[in-house]
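Novice: What follows is a predicted protein model with its sequence.
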Amino acid sequence: MAKLQASLKSGYIVTNSSRDHLWIADEPEDLGGSDKGPTPSELLLSSLASCKLITVQMYAKRKAWNLEGVDIELSILEKGEKTLIEKAISFKGDLDDKQRERLLDISGRCPVVKMLANSIEFKLV
């Protein structure tokens, strides 16, 4: 089970902690923040990108494919009833077209993608 604690200390700076890790989120100066850290949307993209890359690496390792690296760029293009995220991904290594296509497919099946694609329900405790 993933667990996170967060506190708002001053302005828009939020201190986040999980296990033994600590990081902050903030807003840019033009939105009244101090620009001391990524925005919540950037942190969401970071979580999504990290999950995609780790999932691809685990799959390639299990298949013993020569995946030497992966680069990904995500951008939130539209917000509204449905959020549109643009993805550019490139695989490094001695891979054929079928392997690259399969890795692209696998990148869309990571746990964070599944979580975001389904409805998220919040329970007050």
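Specialist: That came in fine, so what should we check first? Numbers count the residues shown, from 1 in each chain.
Novice: Check which element follows the lengthiest strand in the chain along the chain.
Specialist: Looking across the chain with DSSP state E, the single longest strand is strand 66-78. Remark: after strand 66-78, the chain's next helix or strand is strand 84-94, criterion DSSP states H and E.
Novice: what's that next one in contact with?
Specialist: 45, 48, 52, 56, 65-78, 100, 103-104, 107 (C-beta atoms under 8 Å, 6 or more residues apart in numbering). Every residue, glycine included, has its C-beta placed from N, CA and C.
Novice: Buried ones among the residues you listed?
Specialist: Buried by 16 or more other C-beta atoms under 10 Å: 45, 48, 52, 56, 65, 67, 70, 72, 74, 100, 103, 107, out of the contacts of strand 84-94.
Novice: just the angle between whatever helix or strand the third one lives in and strand 84-94, please?
Specialist: In this assignment (DSSP H and E), residue 52 forms part of helix 40-63. When axes from the mean of the first three to the mean of the last three C-alpha atoms, to 10 degrees is applied, the directions of helix 40-63 and strand 84-94 differ by 30 degrees.
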